[in-house]
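Asker: What would the 3D arrangement of this be:
(one chain, ligands or ions: 1)
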Amino acid sequence: MSMNIAPPDHRDELQFILDDVYRRGLDQRDGALADYIPELARVEPESFGIAIATAKGKVYAVGDAEVAFTIQSVSKAFGYCLAIEQIGRAQVLQRVGVEPSGDAFNAIEFDPHTRRPYNPMVNAGAITVAGILHDRFGDGAFDFMMDRFSRAAGRPLGFDEKVYRSESETGHRNRAIAHLLLAGGIISEAVEAIVDLYFRQCSILVTAVDLARMGATLANMGENPMTGDQVFELQAVRDTQAVMFSCGMYDYSGNWIYDIGIPAKSGVGGGIVGVVNRQLGIGTYSPRLDRKGNSVRGVAAVAALSDELGLHAFDCTNVGSSLLGRFIT
Ligand SMILES: NC(=O)CC[C@H](N)C(=O)O
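Answerer: Residues are numbered from 1 along each chain as shown. Down below sits the predicted model:
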């Protein structure tokens with residue numbers, strides 16, 4: 001007697017993996033909310049969401065994947081992409097390097113030879129990038145960023161006025177960094193406006209789904225796979241992913257590449273974006289952070305997905321080719 005066996009539904013299979021990674025992540029109870037920006041200490045510590053968006057436009061999500069939080073340092077990756085597009089990589093490289101610093105994200109450290117910030121993924125480098133965009137667009141720089149970030153996410157993003165004010169009132173260390181950048185001839189004299197742009201870009205509101213979609217836009221060579229909108233330039237996307245790979249997780253970047261092997265960027269708001277080139281974007285949200293400022297559950301979730309789906313750039317298990325090839329259709 002012949003039986004009618006339904007073909008396996010790969011969509012369900014990926015959702016099953018995501019649900020399992022989420023359940024395991026819930027066991028992680030370590031870490032603490034960022035409180036040096038007072039308003040960040042007011043979020044719900046238990047929130048946890050994960051999303052995957054494929055380079056073909058499908059989205060999978062679990063948990064609090066639609067809860068909004070501030071993008072914080074995840075913005076640095078996308079800002080860098082825009083700076084390269086605007087003035088070219090050679091000009092950008094004159095002002096900010098691409099070398100992992102091994103220092104904390106808010107370190108007051110510069111390359112001793114060139115006086116440049118080490119890379120655009122730490123605060124000094126991101127303030128330099130804000131300086132580039134401010135030179136280019138003046139008061140319109142924030143709207144320019146907001147428009148591109150929104151197009152990368154495929155929807156108009158919001159803004160957290162309270163977090164912005166909170167950081168603006170307390171962000172003296174970033175102001176100090178900006179003044180040192182001015183003293184070193186790296187940014188122009190509009191220091192306060194440049195720092196203000198940086199604080200504003202950090203207060204853009206996203207969800208894990210937004211981050212997954214923004215990651216998928218990078219993975220899809222700058223074209224948002226959901227809308228077909230060419231949001232970023234190809235060369236800038238390549239450079240951005242490269243620097244995310246080497247520097248995106250602050251002074252955890254070496255371990256991250258070693259174990260997880262995905263270009264990524266984290267923020268003290270609790271978000272992480274991961275990019276698997278030509279395949280998918282990952283977005284996670286959980287605001288409890290480890291001592292390096294990375295989301296504890298987010299790191300665990302991306303690590304588990306990397307393992308389960310074979311996403312490591314140097315994956316040697318063949319899981320990646322055998323599994324992902326079926327999902328990314
Ligand atoms: N690591 C982060 O997310 C830091 C961003 C934060 N706005 C700051 O500059 O301190």
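
Asker: could you give me the average pLDDT of stretch 198-216?
Answerer: Here stretch 198-216 scores 98 as its mean pLDDT.

Asker: sorry, that was for stretch 37-46
Answerer: pLDDT averaged over stretch 37-46 gives 96.

Asker: In that stretch, which residues are buried?
Answerer: 37, 39, 40, 43 (16 or more other CB atoms under 10 Å). All C-beta spots, glycine's among them, are computed from the backbone N, C-alpha and C.

Asker: List the contacts of the first one.
Answerer: Think residue 37. 163, 166, 167, 170, 171, 268 (CB atoms under 8 Å, 6 or more residues apart in numbering).

Asker: Show me what from this protein comes close to the ligand.
Answerer: 72, 73, 105, 106, 123, 167, 174, 202, 267, 268, 293 (CB under 6 Å from any ligand atom).

Asker: Let's see that with 8 Å instead.
Answerer: 34, 36-37, 70, 72-74, 76, 105-106, 123, 126, 167, 171, 173-174, 198-199, 202-203, 250, 266-269, 293 (CB under 8 Å from any ligand atom).

Asker: now the helices for the stretch 1-150 of the chain?
Answerer: Taking DSSP state H, counting those that start in this stretch as the test, the helices found in the stretch 1-150 of the chain are 10-26, 74-87, 89-95, 123-137, 141-153.

Asker: do you know which of those helices lies nearest residue 192?
Answerer: helix 123-137 (10.5 Å; CB to CB).

Asker: Tell me which other helices or strands that closest one touches.
Answerer: helix 74-87, helix 89-95, helix 141-153, helix 172-183, helix 191-202 (3 or more CB pairs under 8 Å, 6 or more residues apart in numbering; DSSP states H and E).

Asker: Turn the helices of the stretch 1-150 of the chain into CSV, including mean pLDDT, mean neighbour count and distance to residue 289.
Answerer: Below are the helices of the stretch 1-150 of the chain laid out as CSV (pLDDT from 0 to 100; neighbours: other CB atoms under 10 Å; distance: least, CB to CB, whole Å):
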stretch, mean pLDDT, mean neighbour count, distance to residue 289
helix 10-26, 91, 16, 14
helix 74-87, 98, 26, 13
helix 89-95, 97, 15, 29
helix 123-137, 98, 25, 16
helix 141-153, 98, 20, 22
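
Asker: now for those, which one comes closest to residue 117?
Answerer: helix 123-137 (3.7 Å).

Asker: Pull out the buried positions in stretch 210-228.
Answerer: In stretch 210-228, counting by 16+ other CB under 10 Å, buried: 210-227.

Asker: Also stretch 305-314?
Answerer: Going by 16+ other CB under 10 Å, stretch 305-314 has these buried residues: 305, 306, 307, 309, 310, 311, 312.

Asker: Now do the nearest residue to residue 196 once chain neighbours are set aside against the ligand, distance only.
Answerer: Closest residue in space to residue 196, ignoring its immediate chain neighbours: residue 168 at 6.9 Å, by CB to CB, 6 or more residues apart in numbering. According to CB to the nearest ligand atom, to the nearest Å, residue 168 and the ligand sit 10 Å apart.

Asker: Apart from its chain neighbours, what residue comes closest to residue 47?
Answerer: Using CB to CB, 6+ apart, the closest residue to residue 47 is residue 64 (4.5 Å).

Asker: and that neighbour, what does it touch?
Answerer: 47, 48, 49, 208, 285.

Asker: Could you verify my assumption that the last one touches residue 68?
Answerer: No - contact between residue 285 and residue 68 fails when scored by CB atoms under 8 Å: they sit 9.0 Å apart.
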